[in-house]
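Colleague: test case, fold it:
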Amino acid sequence: MYVEPWPRRVRAFSRDRAVVDSERTVLVYESGRLPRYAFPAEDVAIDAEPEPEVDGYVTVPWSSADRWLEEEQEVIVHPHDPYHRIEVLPSTRHVTVHVGGELVAESSRPRILFETGLPPRYYLPVEDVRTDLLEQVQVRTGCAYKGYASYWDVRTENGRIPAAAWTYSDPLREGEPIRDRVCFFQERPEIDVTVDGAPAESPQTPWSNTSWIDAARP
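Modeller: Sure, this is the predicted structure:
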């Protein structure tokens, strides 16, 4: 475990009431866990269920608040790890996407998102996607670096593939280059993504199967 100063005003609200308001935040890192905030106890409302952390500091469970802010920017899911980054690059690679054996997308103008610890993601212009095969569903996930994603089922002659694709319609600043583009899960067995004729990298990830979908429904 190690700790470093986090010189930003951090606030958390529960039902519009501030339960945290601190300009003396530190960020706590621990192997195998996401980074987390810690605050002087006097900067935390007593009913926010603080938990002891490093000497003189407490943490507040993320679920104790409805909304977290750094300055006036909403923080989604968890604090940013300054050593985790995303980068979006324009590309002319030829990308094809088959879902359930059917060609659903083909593009030579992807934007490739590189994110620490994850395979490259290929975000395609909506014009290069068979949107007649997509059906938006009530599934939503949040990413601390990109924002909130909405999802699409894909309907093919071989059946419906749930939450096979996603888009960010209102991304955070780092994700702005992928706004309104469509991406497909290359690690799912029923989805085949090729890049310049070769299979896209598809390691096991938390999204390799569909077990996460029900938990992501509102």
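
Colleague: count of neighbours near the spatially closest residue to residue 210 that is not a sequence neighbour?
Modeller: Once its chain neighbours are removed from consideration, residue 210 has its nearest residue in residue 162; the separation is 5.7 Å (Cβ to Cβ, 6 or more residues apart in numbering). Heads up, the C-betas are built off the backbone N, CA and C, glycines and all. Neighbour count for residue 162, taken as other Cβ atoms under 10 Å: 17.

Colleague: for residue 162, phi and psi?
Modeller: Taking degrees, to the nearest 10, you get phi -70, psi 140 for the backbone angles of residue 162.

Colleague: surely it is in contact with residue 137?
Modeller: Yes: judged on Cβ atoms under 8 Å, residue 162 makes contact with residue 137 at a distance of 7.2 Å.

Colleague: quick check: neighbours shared by those two?
Modeller: Shared contacts of residue 162 and residue 137, defined by Cβ atoms under 8 Å, 6 or more residues apart in numbering, are found at residue 153.

Colleague: quick check: residue 98 touching residue 130?
Modeller: No: with contacts counted by Cβ under 8 Å, residue 98 stays clear of residue 130, the gap being 10.8 Å.

Colleague: which residues does the lowest-mean-pLDDT helix or strand in the chain contact?
Modeller: Lowest on mean pLDDT, DSSP states H and E among the helices and strands of the chain sits strand 51-52, with a mean of 81. Residues from elsewhere that reach strand 51-52, judged by Cβ under 8 Å, 6+ apart: 58-61.

Colleague: repeat the analysis, applying 6 Å as the threshold.
Modeller: Applying Cβ atoms under 6 Å, 6 or more residues apart in numbering, the set of residues contacting strand 51-52 from outside is 58-59.

Colleague: picking that back up, how about the contacts made by the residue nearest to residue 210?
Modeller: By Cβ under 6 Å, 6+ apart, the residues touching residue 162 are 153, 210, 213.

Colleague: wait, is the first one part of a helix?
Modeller: No: counting by DSSP: H, G, I helix; E, B strand; the rest coil, residue 153 is not part of a helix but strand.

Colleague: show the pLDDT at it.
Modeller: Per-residue confidence for residue 153 comes out at a pLDDT of 97.

Colleague: ditto for residue 83
Modeller: The per-residue pLDDT of residue 83 was computed as 84.

Colleague: buried residues in stretch 38-51?
Modeller: Of the residues in stretch 38-51, those buried under the neighbour-count criterion (16 or more other Cβ atoms under 10 Å) are 38-39, 43-45, 48, 50.
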